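>>> The following comprises the amino acid sequence and a computationally predicted model.
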Amino acid sequence: MFVKARTLVAALAAASNLSLVQGHLYVWGVYVNGVDQGTFNGIRTPAYNGPPPRGYANSPVKDLDSIDMRCNVLGDKQVPQTIKVAPGDNITLDWHHNNRTKADDVIDFSHHGPALVYLTPDPPTENSFVKIWEKGLYEYGSAPFAPGKWATTSDIKAKNGIMNFRIPAGLKAGFYLVRAEMIALHEADARFDLNPRRGAQFYPACIQLHVAGDGQVELPSGVSFPGAYKYSDPGVHYDIYCSTNSLATAPCTTTYQIPGPTVWSGAWPETTEVALGPVSGEVTAPRWSSWISNSVVTSATFVGTPAAPVIIATSTYSASWSQKYSAPTPTAA
Ligand SMILES: *[C@@H]1O[C@H](CO)[C@@H](O)[C@H](O)[C@H]1NC(C)=O
Ligand SMILES: *[C@@H]1O[C@H](CO)[C@@H](O)[C@H](O)[C@H]1NC(C)=O
């Protein structure tokens, strides 16, 4: 059950003028063939606690054994809407940080790393997550300490939060979850299991899909979340400044191997840019710090200084993933 973090109001008030050190990006919208499906619709928004004005929260998941690696905090909770798609549809996810606007910074400029998309039947089972898209380091840096060009910062951030993928050809009809993910590697030269203040930061986001049509293609066996990634994976423990930093320590390599399995051969190797129609719905949501005392969070961190982080809110919840699909409860009229 959920434990409300009411006792932390005072601590929060005291900390609210301090800066946040971690990003809070998540998916705000889903376009199907360029048509927006409505802000937050179909998306299991992290620490979901109702539509605005209540707001949303997202801190990175760093514990690779946590159930939050699957679909982020409260990712087991269904949302009322399920997005209807067909095989071959072009899907565009709209990632943002503070606001669903062009002015939004999407992700901190330092949060270099890969971006990935998995697909699983809903609900997930053992080894049911199949990778259908990925992009990592695609251009090496040349200036001293230059990290090069990465999917998160040079591609998706530069395109105002846009991540494209395509529903596999002939995919069998049914209910699926998309698990989209951004990974920030700016502290990934350390391993979280050895140094919990640092380590790679994972931002998974899940979206409920209903695939229509008479396709016959079943997803192959994939990987599990948690379970797919290890602290020793070269794509999880990686120094992004290695290529030009002679002081870098192991593992130091200029090639980057994206974590997880290879992309399924049945997925589309190329994704295409789609012309996007107008945003439908909210473009703002209150800062999580304005509602945390009335919400459910597993943990949230405000920091006094980077050297002395202060955890101001921790509550417990146990994710309970169903073994079989049941239709979500529609939104009350
Ligand atoms: C998806 O994009 C591709 C490449 O532009 C296009 O050929 C295809 O028709 C699009 N699919 C749909 C369903 O619009
Ligand atoms: C988000 O949008 C709201 C409303 O326009 C604005 O007041 C706020 O400053 C924006 N936040 C950021 C961080 O840009």
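Received it, and whenever you're ready, just let me know what you need. Ligands and ions are numbered 1, 2, ... in the order given.
>>> What ranges does the stretch 151-300 of the chain have for its strands?
162-166, 174-184, 201-211, 299-305 (DSSP state E, counting those that start in this stretch).
>>> now these as JSON lines including mean neighbour count, distance to N195 and mean pLDDT?
The C-beta positions use only the backbone N, C-alpha and C, and glycine is treated the same way. Formatted as JSON lines, these follow (neighbours: other CB atoms under 10 Å; distance: least, CB to CB, whole Å; pLDDT from 0 to 100):
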{"stretch": "strand 162-166", "mean neighbour count": "22", "distance to N195": "29", "mean pLDDT": "97"}
{"stretch": "strand 174-184", "mean neighbour count": "24", "distance to N195": "16", "mean pLDDT": "98"}
{"stretch": "strand 201-211", "mean neighbour count": "24", "distance to N195": "13", "mean pLDDT": "96"}
{"stretch": "strand 299-305", "mean neighbour count": "18", "distance to N195": "15", "mean pLDDT": "53"}
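>>> and of those strands, who's closest to ligand 2?
Smallest distance to ligand 2 across the strands of the stretch 151-300 of the chain (CB to the nearest ligand atom): 16.0 Å, for strand 299-305.
>>> Give me the pLDDT value at R54.
Turning to R54, the model gives it a pLDDT of 39.
>>> ok, back up a step: need the strands of the stretch 151-300 of the chain in CSV (columns: distance to ligand 2).
Shown next, in CSV, are the strands of the stretch 151-300 of the chain (distance: least, CB to the nearest ligand atom, whole Å):
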stretch, distance to ligand 2
strand 162-166, 18
strand 174-184, 18
strand 201-211, 18
strand 299-305, 16
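>>> so P328 makes contact with Q78?
Yes - counting by CB atoms under 8 Å, Q78 is a contact partner of P328 at 4.0 Å.
>>> These two - which one has more neighbours?
Q78 (18 against 15; other CB atoms under 10 Å).
>>> before we move on, what SS does the more buried one have?
coil (DSSP: H, G, I helix; E, B strand; the rest coil).
>>> residue contacts, it?
Counting by CB atoms under 8 Å, 6 or more residues apart in numbering, Q78 touches 44, 208, 328-329.
>>> picking up where we left off before, mutual contacts of P328 and Q78, please.
Between them, P328 and Q78 share these contacting residues under CB under 8 Å, 6+ apart: Q208.
>>> which among the contacts of Q78 gets closest to ligand 2?
R44 (22.6 Å).
>>> Near that closest one, how many other residues are there?
Neighbour number of R44 under other CB under 10 Å is 24.
>>> Up against ligand 2, what does the stretch 51-200 of the chain have?
98-99 (CB under 6 Å from any ligand atom).
>>> for the stretch 51-200 of the chain, what are the low-confidence residue spans?
Low-confidence segments of the stretch 51-200 of the chain (pLDDT under 70): 51-59, 143-144.
>>> same thing but 80
Residues of the stretch 51-200 of the chain that meet the criterion pLDDT under 80 lie in 51-59, 73-74, 141-146.
>>> residues in contact with the most centrally placed residue in the chain?
Closest to where the C-alpha atoms of the chain average out (CA atoms, centre = their mean) is P204, at 2.6 Å. Going by CB under 8 Å, 6+ apart, P204 touches 61, 68-72, 75, 179-181, 225.
>>> Dump these to TSV, plus distance to P147.
Below are the contacts of P204 laid out as TSV (distance: CB to CB, whole Å):
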residue	distance to P147
V61	22
D68	27
M69	24
R70	28
C71	28
N72	25
G75	29
R179	25
A180	22
E181	19
F225	26
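>>> from those residues, which is closest to G215?
The closest of the contacts of P204 to G215 turns out to be R179 (CB to CB; 20.2 Å).
>>> Beta-bridge partners for the residue nearest to that closest one when sequence neighbours are not counted, please?
Nearest residue to R179 in three dimensions, chain neighbours excluded: Y118, at 4.2 Å (CB to CB, 6 or more residues apart in numbering). Beta-bridge partners for Y118, by DSSP bridges, are K131, R179.
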